[in-house]
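K.L.:
curious how this folds, go ahead:
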Amino acid sequence: MYNNMTLFIVSNPTNVDNLNTLSLVKNLVLRSLQSSIDFPTSLFLNPNICEYFTLDGYINPLNSTINLLNSTLLKQLIITPSTHDFVFPISDSALPFTALPKSLQIFSIVNGGIATIKSKNIFNNVKSVNLKTNSFSGPLPDLILNNMVIINFINNNFTGTIPDSYCNTLLNVSYNIGITNIPVCYSCYMNSQYDVLSYLIKNTSVSELNFPTCINNSPVPNIIFNNNSFTLWGENLGYKTPISNQPNTMEMIIPNKLFKGQVTDFSFKKTITFEFIGRNYTLSTTSNHPIIEKIILSVENTFVYSGSFFSYNKSDILITIEGKECQISSTTFNETICILSTSLSQPYSIVLFTSFGLTTQATIEKEKAINDITMCTVDCNNGICFTGNGSCICDSEYQGNDCSISIYDCSFSGENYCGAFGQCNNQSGICICDNNHQGLKCDLPFIDCGGCNETISTGNLCNNQTGLCTCDKHFTGQHCELPLQYISSVMPSSTTGGLVQIYGWFGTLHKDLIIKIGNFECVNFFINSSYVSCSINEGSGTKSVNLTQNGIIYIAKDIYHYSEMVYRCPNDCSDHGVCNTLVGECKCNSGWGGFNCNAKNNPTSSTTSTPSETSGPIKSPDSETNVNKTDGSTVLNNEKTAYEIKLLSLVEYDFNQNIIKVNSFTNWGVDNSNNNLYIFNHTLNGTNCNVIYTIEEVKTPRKYSFGGLDLTLDAYSIKTSIVIENYPYVSSLNTLQLQIESIASDDKINQPNECNHEETQIDTSQIENDQILNYITISKNKKILYGRFINRVISDGYPTFITTKIVQPSKNQSNDNQSVIVGLNLPHCTNKCIIDPDFSVLVSSEYKECSSGNNGRGKWFLPVNQFSLD
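P.N.:
Next up, the predicted model:
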């Protein structure tokens, strides 16, 4: 590492061989005042010896040339011999150094006897060269001086012309009386910058010098700004910092070629001005498209462009007219002249003017000598700017004020695709039809429906070909103005009459409203779009509700049942239980079961007795419950008897009880299952209607409520429930029926019990629409499957009365395999329906225990199916 030490070795330094061992010396000076010393060649074998080296005094002549490339830190080399024979031994008294380090900035050999310079690029990286008082003669050497600033050839014997290669240096050739010609680059600035160029002619015979006229050598300035800093470069820019219209600080980097500086006031916007050779030159501070204001055809095929933001450099300008290049003859910031080799052939010709890589387009008219230019305010994209009025002329396939929109042809096979009743929209390629036609080809009639009540329902649409409205399933009428009402639930009055509450959808138009329950007309009604209330006289039993409005009749069949204070129980509970008259449900005595307490059940308390055919209590046989996770069916196997219960289908009926659609339950997905609970789901094909089916094995007796009814479940029963959501009715007049199948068959797995053999018997006599609870029984082999159906459903959040019917016995009946299909008639529930039937299996009073093989407590299978539609 160097410090700022300066080492002077003066007087008589006879031995300099050890200088290359020096360190920490930045500036080394060798001065021999008495005896001669050799040039310290070994010194420069050490690349770190010093940055500044000076050698003067008595120096022995060099015997060979020297390569200084190894001295990578050397910045300054000054040699001043006392005698003129420093390089005499070298061939042609040439410059003794064959190569200089790139770090060298200042080079000086004064009084060295140098007569020639062999290498043209020896000083390529040096900024200042002093070869004063040497032995040069003849023409100045034609050197490569890319970075040279100052070069001093004072007091030599040069003759002839100064080469152009010196134009970018501050050249001093004073006292070279043979110089006769100086290049035009210097003569242009001789008057305005004489103070720095006078050394070209000092002490020479001025009368013998040739000063060329300053023509064809105009300055060619360019500038780049980076914030407030700028770089000014080009050709013929002078040998002093130029004067500017903007305050700035500037330094000359390369004479006549490169300057750098900063403006002190950056308030100006787009241009800055500099003075060169007594004239002002305007330069752009930002990147701008050239602005053309006028184009003049001065003489044949010579065009003069006036405007701004042109370049002074001809190589930066490219002009084409009709696609042919116009040769640039001269150019400034405001004016460019070019010559076209051929005459214009088109009435309107496109001119592309490019400056600094940015292009402006203009249009000229052939017959006009002067074209005033109005530039387009937008880019013409797929067209040309007609500068006669500043508008775009688009190509044949484009349109729009900026020619950016494609033209789409509506023709087909050469014919007008839009026919006689439409026009082509060339922006979209779509026909625009007149008021009485429509369609892609405007070949279909257009008939206004006069409104289809679209604001009430987006499903109401106008068929403009027929002029008829296509109504949403909730509306009808010429203009879909009439609601197609439906009833989803009813809360009835008691048998003494009174308030009736009806839920559903009734629209907003209620002209000529009539509500009948059975044969009685409901009065004092209130109605809105989803609720109706009215008063009814006393009555009893199950009735249909007729709601007529706007001339449209809607009948909810058997949906109304007068609320009774007392309901009878089946067979008065067979004298084996107590009747709950609030719902008509038997509470059987211990040891008895079934809906009428006429079947044997395990007693609730333990007993000890010897099994026999006649003495009780009777222990029921063990049962095995199996749930099929594919079809959702439940099978109870008990001795040689098997009972199966499954959801069969969901059927949609129209107003006249015609079947519209049958939705079969086949593949169920399992949402959850554990030891006693199974949850299935099924989505109807092509809809968002979801059916959720739950099966639960009840372990202990319990009470539960449904639709305002308090009911009980026996132990070892199976409880099922179904939720049907978002059913998509074909019409608002339609209703649903949920069909459940119960099957009795022989169990092929367990061993037979011949003492209880009995054929299958199905009893549906307890299906009564006037009762809250309906029952069916299937008996086989002295064992009975009970099915209880509650004539009540939760429809869209409200309880309402429903009816139960026997749809039909199942097909392919036999003594070993018989079934019954029960249909639950549901109202028009749109969001959710909940339904709740239940089933149980007991033994008849005639059941015999034929053996005592099973001493454990029997498992009773009581499937309870509860179906829900919300």
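K.L.:
which SS state does residue 297 fall under?
P.N.:
Under the three-state scheme (DSSP: H, G, I helix; E, B strand; the rest coil), residue 297 adopts strand.
K.L.:
quick one: contacts for it?
P.N.:
If you count contacts by C-beta atoms under 8 Å, 6 or more residues apart in numbering, residue 297 has them with 303, 368, 369, 370. Bear in mind the C-beta positions are built from the backbone N, C-alpha and C, glycine included.
K.L.:
same check, this time on residue 824
P.N.:
Per C-beta under 8 Å, 6+ apart, neighbours of residue 824: 737, 738, 739, 740, 789, 793, 802, 804, 835, 837, 867.
K.L.:
check those residues and tell me the two furthest apart.
P.N.:
Farthest apart among the contacts of residue 824 by C-beta to C-beta are 739 and 793. That separation is 14.7 Å.
K.L.:
and these two? which has more neighbours close in?
P.N.:
A direct count of neighbours by other C-beta atoms under 10 Å for residue 739 and residue 793 places residue 793 higher, at 28 against 19.
K.L.:
run through the residues that contact the more buried one.
P.N.:
By C-beta under 8 Å, 6+ apart, the contact set of residue 793 is 489, 707, 799-800, 802, 824, 826-827, 829, 833-835, 867-869.
K.L.:
looking at the contacts of residue 824, spot the one nearest residue 70.
P.N.:
Here the nearest of the contacts of residue 824 to residue 70, counting by C-beta to C-beta, is residue 867; it sits at 103.6 Å.
K.L.:
next one, pLDDT for the closest one please.
P.N.:
pLDDT for residue 867: 37.
K.L.:
then residue 537?
P.N.:
92.
K.L.:
what about it, how many neighbours?
P.N.:
By other C-beta under 10 Å, 15 other residues sit near residue 537.
K.L.:
and it, what does it touch?
P.N.:
Residues counted as contacts of residue 537 (C-beta under 8 Å, 6+ apart) are 497, 520.
K.L.:
what segments of the stretch 601-750 of the chain are strands?
P.N.:
For the stretch 601-750 of the chain, the strands defined by DSSP state E, counting those that start in this stretch occupy 623-627, 634-638, 641-653, 659-664, 669-673, 677-683, 690-698, 702-706, 709-713, 717-725, 735-746.
K.L.:
what angle separates the last one from strand 641-653?
P.N.:
Yep, that's strand 735-746 we're talking about. 160 degrees (axes from the mean of the first three to the mean of the last three C-alpha atoms, to 10 degrees).
K.L.:
could you do the fifth one as well?
P.N.:
Angle, strand 669-673 to strand 641-653, by the same axes, to 10 degrees: 130 degrees.
K.L.:
now strand 669-673: average pLDDT?
P.N.:
On average, the pLDDT along strand 669-673 is 76.
K.L.:
residues in contact with that strand?
P.N.:
Residues outside strand 669-673 that contact it (C-beta under 8 Å, 6+ apart): 627, 629, 678, 679, 680, 681, 682, 692.
K.L.:
change it to 10 Å
P.N.:
627, 629-630, 632, 678-683, 692-695 (C-beta atoms under 10 Å, 6 or more residues apart in numbering).
K.L.:
widest-spaced pair of these?
P.N.:
Maximum distance among the contacts of strand 669-673 (C-beta to C-beta): 20.2 Å, for 627 and 683.
K.L.:
thinking again about what came up before, how about the strands of the stretch 601-750 of the chain, which one is nearest residue 184?
P.N.:
If you check each of those against residue 184 by C-beta to C-beta, strand 677-683 wins as the nearest, at 95.1 Å.
K.L.:
which helices and strands does the closest one pack with?
P.N.:
Secondary-structure packing of strand 677-683 (3 or more C-beta pairs under 10 Å, 6 or more residues apart in numbering; DSSP states H and E): strand 623-627, strand 641-653, strand 669-673, strand 690-698, strand 717-725.
K.L.:
how far is the last one from where the chain is centred?
P.N.:
From the chain centre to the centre of strand 717-725 is a distance of 45 Å (C-alpha atoms, centre = their mean, to the nearest Å).
K.L.:
ok, now the second one?
P.N.:
Here the centre of strand 641-653 is set off from its chain's centre by 50 Å, with C-alpha atoms, centre = their mean.
K.L.:
what angle separates it from strand 717-725?
P.N.:
Taking the same axes, to 10 degrees, one finds strand 641-653 and strand 717-725 inclined to each other by 20 degrees.
K.L.:
buried stuff in strand 641-653?
P.N.:
641-653 (16 or more other C-beta atoms under 10 Å).
K.L.:
and it, which strands flank it?
P.N.:
For strand 641-653, the pairing partners within the sheet under DSSP bridges are strand 634-638 (antiparallel), strand 659-664 (antiparallel), strand 735-746 (antiparallel).
K.L.:
which of the contacts of residue 793 sits closest to residue 317?
P.N.:
Taking C-beta to C-beta as the measure, residue 317 sits nearest to residue 829 out of those, at 83.9 Å.
K.L.:
more neighbours, residue 627 and residue 683?
P.N.:
The neighbour comparison of residue 627 against residue 683 (other C-beta under 10 Å) goes to residue 627, with 17 against 13.
K.L.:
didn't that one look like it was pressed against residue 674?
P.N.:
No. Applying C-beta atoms under 10 Å as the test, residue 627 and residue 674 come out as separate, 11.2 Å apart.
K.L.:
could I get the full set of helices for the stretch 1-150 of the chain?
P.N.:
Here the stretch 1-150 of the chain has no helices by DSSP state H, counting those that start in this stretch.
K.L.:
where along it do the strands fall?
P.N.:
Taking DSSP E, counting those that start in this stretch as the criterion, the stretch 1-150 of the chain carries its strands at 6-9, 27-37, 52-59, 66-67, 76-81, 97-99, 106-109, 128-130, 137-138, 150-152.
K.L.:
picking up where we left off before, mind checking which of the helices and strands packed on strand 677-683 is nearest residue 83?
P.N.:
strand 669-673 (113.8 Å).
K.L.:
figure out how far that closest one is from the centre of its chain.
P.N.:
Distance, stretch centre to chain centre, for strand 669-673: 37 Å (C-alpha atoms, centre = their mean).
K.L.:
tell me where the stretch 401-550 of the chain is predicted with low confidence.
P.N.:
Applying pLDDT under 70 to the stretch 401-550 of the chain picks out residues 412-416.
K.L.:
let's see that with 80 instead.
P.N.:
411-417 (pLDDT under 80).
K.L.:
circling back: lowest-confidence stretch among the strands of the stretch 1-150 of the chain?
P.N.:
Set side by side, these differ in mean pLDDT, and strand 6-9 is lowest with a mean of 62.
K.L.:
on that earlier part again, would JSON lines of the strands of the stretch 1-150 of the chain with distance to residue 519 and mean neighbour count be doable?
P.N.:
Shown next, in JSON lines, are the strands of the stretch 1-150 of the chain (distance: least, C-beta to C-beta, whole Å; neighbours: other C-beta atoms under 10 Å):
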{"stretch": "strand 6-9", "distance to residue 519": "134", "mean neighbour count": "13"}
{"stretch": "strand 27-37", "distance to residue 519": "132", "mean neighbour count": "17"}
{"stretch": "strand 52-59", "distance to residue 519": "130", "mean neighbour count": "19"}
{"stretch": "strand 66-67", "distance to residue 519": "132", "mean neighbour count": "13"}
{"stretch": "strand 76-81", "distance to residue 519": "129", "mean neighbour count": "20"}
{"stretch": "strand 97-99", "distance to residue 519": "128", "mean neighbour count": "16"}
{"stretch": "strand 106-109", "distance to residue 519": "129", "mean neighbour count": "20"}
{"stretch": "strand 128-130", "distance to residue 519": "128", "mean neighbour count": "20"}
{"stretch": "strand 137-138", "distance to residue 519": "142", "mean neighbour count": "13"}
{"stretch": "strand 150-152", "distance to residue 519": "128", "mean neighbour count": "19"}
